[in-house]
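Undergrad: Attaching a predicted model along with its sequence, questions to come.
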Amino acid sequence: MKVETLSAVKGDYNLKNYEETYATFDWKDVEKEFSWYETGRVNIAYEAIDRHALGGKADKIALYYRDADRQETYTFRQMMEFTNKAGNVLRNAANVVKGDRVFVFMPRSPELYFVVLGALKLGAIVGPLFEAFMEGAVRDRLEDSGAKVIVTTPQLLERVPVKELPLLETVIVVGDNVKEEGQIIDFKKRMAEASSELDIEWVDREDGSLLHYTSGSTGKPKGVLHVHNAMIQQYQTAKWVLDLKDDDIYWCTADPGWVTGTSYGIFGPWLNGVTNVIVGGRFKPETWYQTIQDLKVTVWYSAPTAFRMLMGAGDEIIKKYDLSSLRHILSVGEPLNPEVIRWGHKVFGLRIHDNWWMTETGAQLISNYPCMDIRPGSMGKPIPGVKAAIVDDQGNELPPLRMGNLAIKKGWPSMMRQIWRNPEKYESYFIGDWYVSGDSAYMDEDGYFWFQGRVDDVIMTSGERVGPFEVESKLVEHPAVAEAGVIGKPDPVRGEIIKAFIALRAGYQPSEELKEEIRQFVKTGLAAHAAPREIEFRDKLPKTRSGKIMRRVLKAWELDLPTGDLSTMED
Ligand code: 6R9
């Protein structure tokens, strides 16, 4: 097998020699970088904001916020004051105390970030939700977690089923002229009255911080709980992988509803005291290039689906912008096609650095570092302090070039600590000392890891992780649908698209209109990104004897592949 290698470009990077650091590094050494190492007082939000505001970076720009209507700049001092105010609003108007679950359900805005950090300062556990969620998705997450407070906007308020959630005490609305009545609190009015000084709740490093819901292939979405201790790895990987330095202008394009938008849209940069760019609104190539040009972005973290869309928009647009400030580009979320790396090199003169991790892992685990040669198509090598391997289903390590389960030796600092109140589910991730990712991959003879696909059926469409079960459940709610099986079908732009196989109820005839009606039904009932782009009607779906739809068989049919073992399939 011949592999393409792009040699590292010489430079003064934070990580100078991968092999050497890998051999000697100890996470204990990173602890000295935090103020709690001296004071014993722990809080990830204090460490991300106040520490810099009080320690010589008060007037440094912490946040450049941009969307179609707003262009705002906040220093670390202002971030400290606004997050303190938000903390006071949550404490005084909603009685939030340590351990309470506070959800944020709103599009990106400075207020969203004030609330997330303010809630963390109280020791609350923050659950970020994508604004695209429909009522059912919101209800499931609030119900499962026993949320006490949700912070939302007037536009999204109608998707919060307040009456069905007895534990939900307070609904904080971020908008203009909000009328306070019943459980509704006017965020802006309360912010204006709130003190900018806050009594921070000091926590244990093992106390909960973020609760990210993520979809599995079966069952309801599960709540992945992270703790304050994750800061250790978020800080250090931002140094090694993002290569952040004091004078960088860093832009992560991810929404905080996705773990990338918290671990690296909030904590990675701010724990390092680096200027962070946040852009709200929809993806548009012009806006993106304009952002890089105007703010002189130096380090840019995005996803393959976005790079593919930029690639699709053509190279002519790029020539209209001065993108010479860029020095480092990164990608996560799906396999990064070698073709995209080649395109990036041509148009930006830089290599896009792929890295791999998951909601459950809290921070990057496998990566291409600027000091290391890149093999396009490979996710790179494990970060120092982390042991990765390919294991079989019994947890035995496999030799190089053998495909198997991508697994990580337990115990890295940012590992999830709980699937929310579901110890069984949590345990199911582990085989002995190995955390088994659910991805299949192989390692080459030089220690680079190569992604092959999901072991289970989770669909990755345009960077969003969609559980087929959730879509199927919605589909069968439609009066015409008897049964539904959903798969991800490879797509050059979106990674995968959602394809649904549907068996109709008696009395319904297949038609194009019906397909469209069903598509709309999922769009409004679940989320736009979860609606199947392709629908095919079938008389019957392949199922196991226990009644589970066999998605791998559907996939095999669709892609003309061998169907594999059919012993469990019903007649
Ligand atoms: C951070 C994040 C995790 C799943 C993961 C894998 C896929 C992520 C990847 C990648 C190939 C990469 N994935 N990075 N696949 N190459 N560099 O994406 O978290 O949303 O939980 O998804 O995404 O399948 O298991 P999450």
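TA: Okay, I see it. Bear in mind the structure is a predicted one, so any value in this text is a computation, not a measurement.
Undergrad: Now the terminal residues of stretch 123-141, how far apart.
TA: Distance across stretch 123-141, first residue to last, is 20 Å (C-alpha to C-alpha, to the nearest Å).
Undergrad: ok, which residues in this structure are in contact with the ligand?
TA: Within the chain, the positions near the ligand by C-beta under 6 Å from any ligand atom are 214, 258-260, 332-335, 354-359, 379, 437-439, 451, 454, 460, 465. In this view, the C-beta of every residue, glycine as well, is placed from N, C-alpha and C.
Undergrad: try it again with 5 Å
TA: 332, 333, 335, 354, 356, 357, 358, 359, 379, 439, 451, 465 (C-beta under 5 Å from any ligand atom).
Undergrad: quick one: the residue of the chain found nearest the ligand from residue 260, how far?
TA: Using C-beta to the nearest ligand atom, residue 359 is the residue of the chain that sits closest to the ligand, at 3.3 Å. With distances taken as C-beta to C-beta, to the nearest Å, residue 359 is found 9 Å from residue 260.
Undergrad: And residue 444, how far from residue 450?
TA: From residue 444 over to residue 450 (counting by C-beta to C-beta), the distance is 7 Å.
Undergrad: Which one's more surrounded, those two?
TA: Taking other C-beta atoms under 10 Å, residue 444 and residue 450 do not tie; residue 450 has more neighbours (20 against 14).
Undergrad: For the host helix or strand of the more buried one, list every residue counted as buried.
TA: Secondary structure assignment for residue 450, by DSSP states H and E: strand 449-454. Residues 449, 450, 451, 454 are the ones in strand 449-454 that count as buried (16 or more other C-beta atoms under 10 Å).
Undergrad: Residue 359 and residue 260: which is more packed in?
TA: residue 260 (23 against 20).
Undergrad: show me the residues around the nearest residue to residue 387 once chain neighbours are set aside that make contact.
TA: Spatial nearest neighbour of residue 387, chain neighbours left out: residue 409 (3.9 Å); criterion: C-beta to C-beta, 6 or more residues apart in numbering. When contacts are counted by C-beta atoms under 8 Å, 6 or more residues apart in numbering, residue 409 is found next to 386, 387, 388, 389, 433, 434, 435.
Undergrad: Who does residue 409 form a beta bridge with?
TA: Counting by DSSP bridges, residue 409 forms beta bridges with residue 434.
Undergrad: In the stretch 151-300 of the chain, what residue spans correspond to helices?
TA: For the stretch 151-300 of the chain, the helices defined by DSSP state H, counting those that start in this stretch occupy 187-193, 231-240, 259-262, 268-271, 285-295.
Undergrad: got the buried residues for the last one?
TA: Okay, so that is helix 285-295. 285, 288, 289, 291, 292, 293, 295.
Undergrad: Closest to residue 235 out of those?
TA: Nearest to residue 235 out of those is residue 295 (C-beta to C-beta; 23.0 Å).
Undergrad: now the farthest one out in this protein, which residue is it?
TA: No residue in the chain sits farther from the centre than residue 507, which is 42.5 Å out by C-alpha atoms, centre = their mean.
Undergrad: The lowest-mean-pLDDT helix or strand in the chain packs against which elements?
TA: Within the chain, no helix or strand scores below strand 464-466, which has a mean of 80 by mean pLDDT, DSSP states H and E. Packing partners of strand 464-466 (3 or more C-beta pairs under 8 Å, 6 or more residues apart in numbering; DSSP states H and E): strand 459-461.
Undergrad: did I read that right, residue 498 in a strand?
TA: Yes: checked against DSSP: H, G, I helix; E, B strand; the rest coil, residue 498 lies within a strand.
Undergrad: which residues touch it?
TA: Residue 498 touches 459, 461, 466, 471, 486-489, 530-534, counting by C-beta under 8 Å, 6+ apart.
Undergrad: The closest residue to it other than its chain neighbours: what secondary structure?
TA: What sits nearest to residue 498 in space, not counting adjacent residues and going by C-beta to C-beta, 6+ apart, is residue 532, at 4.4 Å. Following three-state DSSP, the label given to residue 532 is coil.
Undergrad: and residue 532, how far is that from residue 496?
TA: Applying C-beta to C-beta, the value for residue 532 to residue 496 is 11 Å.
Undergrad: And residue 14, by the same measure?
TA: To residue 496, residue 14 is 34 Å away according to C-beta to C-beta.
Undergrad: and the two? which has more neighbours close in?
TA: The neighbour comparison of residue 14 against residue 496 (other C-beta under 10 Å) goes to residue 496, with 21 against 18.
Undergrad: you'd agree that one is up against residue 459?
TA: Yes: counting by C-beta atoms under 8 Å, residue 459 is a contact partner of residue 496 at 5.4 Å.
Undergrad: which residues touch residue 112?
TA: Neighbouring residues of residue 112 by C-beta under 8 Å, 6+ apart: 104, 106, 151, 174, 256.
Undergrad: what are the phi and psi angles of it?
TA: The phi and psi values for residue 112, taken as degrees, to the nearest 10, are phi -60, psi -40.
Undergrad: follow-up on the earlier one: who wins on neighbours among the contacts of residue 112?
TA: residue 151 (29 neighbours).
Undergrad: and the residue nearest to that one when sequence neighbours are not counted, how many neighbours?
TA: Leaving aside its sequence neighbours, residue 151 sits nearest to residue 172 (C-beta to C-beta, 6+ apart; 4.4 Å). Residue neighbour count, defined by other C-beta under 10 Å, stands at 25 for residue 172.
Undergrad: need the contact list for the closest residue to residue 238 other than its chain neighbours.
TA: Nearest non-adjacent residue to residue 238, counting by C-beta to C-beta, 6+ apart: residue 268, 3.5 Å away. By C-beta under 8 Å, 6+ apart, the contact list for residue 268 reads 234, 235, 237, 238, 242, 244, 252, 363.
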